[in-house]
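>>> fold the stuff below for me.
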Amino acid sequence: MKSSFNRKRYIQIFIYCIGVQAAVAAGPTDSTLHPRRLFLSINTQVGSMLNTHESSIIENYYVGLDLRIGWQTGDFARNIFDCSFRYPRYGFGYYMGNMNRIILGDDEQTGLGKPAALYAFFASPMARWKWFSVHYDISLGISYNFNAYDPQSQPYNILVGSKNNAYINIRLSTEFALRGYSTLGLGFSFQHFSNGSYQKPNKGINLVSGTLSYRFGTYRNSEKNYRRFPIDSYQPAWEWQIFWANGVRMLDTDFDIDQPHKSNRWYCSSVSTTALLQTSHRRKFGLGLDYFYFDWGRYVVKYRAKAEDRRATTRWYSNMALGTYLAHEIGYKKVWLITHLGFYITDRVGDDPKQPWIYERLGLKYQISPRFTLGVSIKAHLAKADYTEWTIGYTILKKTSRK
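Predicted coordinates:
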């Protein structure tokens, strides 16, 4: 009953957003101020789960369906970002999947469920000709309705420990513009579901699939305008930023004999500073330093010592670690996609005795003012989520580019 209520609530939100966008599109617009046109699309997916760690899979097949509403940009106004991204499209969508034929263990009634997700997307062409184009597509959102891990009903499901998870979809597609208002697409999709270690177990679900899509626009394909115009040169400029991030996570407690904190969530935080060189209107490169605080540090030290039948030695720095990272940011107007590749300078006390010394960070940040940003990101080790970070950032020094 609860699952049905959640699905209805998400569908109501999606329909409400469609109504808002339709009203905006139907209202009076000035093409110089709003170089966008509304479209609707449907996308079908058929695939299976990527699996390198599970030997309990006895069936591996899934289908999915996407419904989308969004805007297609064009050269109606000379927007630097739209032109540099070859006139992208963006909006939001609703995903529905059936993973009940992905079966773990020997019980054919214990599939992964029928998850759904509400998400935002951004799609940009890598190459475009008159009637044919090649696109990449990134979607980020929140999913729900998984058959999560349960000791009785789902003992083999170590992939997701919660019904609600983050949703990430990366798609490559080729598109063929038809006469009139329609476009057909064929592509390849990679999907990832994870809760960022908020609820264990959480190895994550990775899916690959072939896709077939149909898009209907509120304008004829012959009326589309994608002419490129010269973009003013950008003089590289430096900036210095500082971020404060916070999160919580559960531990893998296999090493803990008594497991007294099996269901506890632990606080974690970091302070980061980055020197960035902005080389164009949409791209930045830099180098940064991380200071990490892990609330579980001393607990892990004590229980490792107990498991090895020795005396625990905790230090004042047992909950702390330092790291340095290479940074890359790519932005569209006020939204920036951030990627970091980091290396621990000091020992990192984690719940895995063989904790990697390399870490990654993938996230988004939104520029709410010239100085302040808000963001969310996933910190991971070799693509395995460590925890979710919620960040606030401040630009201490910013040198304006001379054009």
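
>>> any regions of the protein where pLDDT drops low?
Scanning the chain with the threshold set as pLDDT under 70 gives 1-36, 51-56, 77-78, 106-109, 252-263, 307-308, 349-354, 400-403.

>>> and Trp238, how many neighbours?
If you count neighbours by other CB atoms under 10 Å, Trp238 ends up with 14. All C-beta atoms are positioned from the backbone trio N, CA, C, and that covers glycine.

>>> no, scratch that, I was asking about Asn264
13.

>>> my guess is it meets Met250, correct?
Yes: checked against CB atoms under 8 Å, the pair Asn264 and Met250 is within contact range at 7.1 Å.

>>> partners of the helix or strand where Val208 lies in the sheet?
Assessed by DSSP states H and E, Val208 sits inside strand 205-217. Strands that pair with strand 205-217, judged by DSSP bridges, come out as strand 36-50 (antiparallel), strand 182-194 (antiparallel).

>>> of all those, which lies closest to Gly111?
Distance to Gly111, taken as CB to CB, is lowest for strand 36-50 among the strands paired with strand 205-217, at 11.1 Å.

>>> any buried residues in that closest one, and which?
By neighbour count with 16 or more other CB atoms under 10 Å, strand 36-50 contains the buried residues 36-41, 43, 45, 47, 49.

>>> would you list the strands paired with strand 205-217 in JSON lines and tack on distance to Ile142?
Output for those, formatted as JSON lines (distance: least, CB to CB, whole Å):
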{"stretch": "strand 36-50", "distance to Ile142": "19"}
{"stretch": "strand 182-194", "distance to Ile142": "10"}
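
>>> for Ala120, find the nearest of those strands.
Closest to Ala120 of those, according to CB to CB: strand 36-50, at 14.3 Å.

>>> what does that closest one rub up against?
Strand 36-50 has contacts (CB atoms under 8 Å, 6 or more residues apart in numbering) with 21-22, 25, 57, 60-74, 89, 97, 102, 185, 189, 205-219.

>>> just the buried ones from these?
Neighbour counting with 16+ other CB under 10 Å marks 21, 25, 60, 62, 64, 66, 68-74, 89, 97, 102, 185, 189, 205-207, 209, 211, 213, 215, 217 as buried within these.

>>> surely Leu251 touches Tyr198?
No: counting by CB under 8 Å, Leu251 does not reach Tyr198; the two are 11.7 Å apart.

>>> which of these two has more neighbours?
Counted by other CB under 10 Å, Leu251 and Tyr198 do not tie: Leu251 has more neighbours, with 23 against 20.

>>> residue ranges of the strands in the stretch 101-250 of the chain, please?
Secondary structure of the stretch 101-250 of the chain by DSSP state E, counting those that start in this stretch: the strands cover 103-104, 113-128, 132-146, 165-177, 182-194, 205-217, 237-249.

>>> parallel or antiparallel, which strands does the third one pair with?
So the one you mean is strand 132-146. strand 113-128 (antiparallel), strand 165-177 (antiparallel).

>>> can you add distance to Asp290 and give those back as a markdown table?
Formatted as a markdown table, the strands paired with strand 132-146 follow (distance: least, CB to CB, whole Å):
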| stretch | distance to Asp290 |
| --- | --- |
| strand 113-128 | 27 |
| strand 165-177 | 21 |
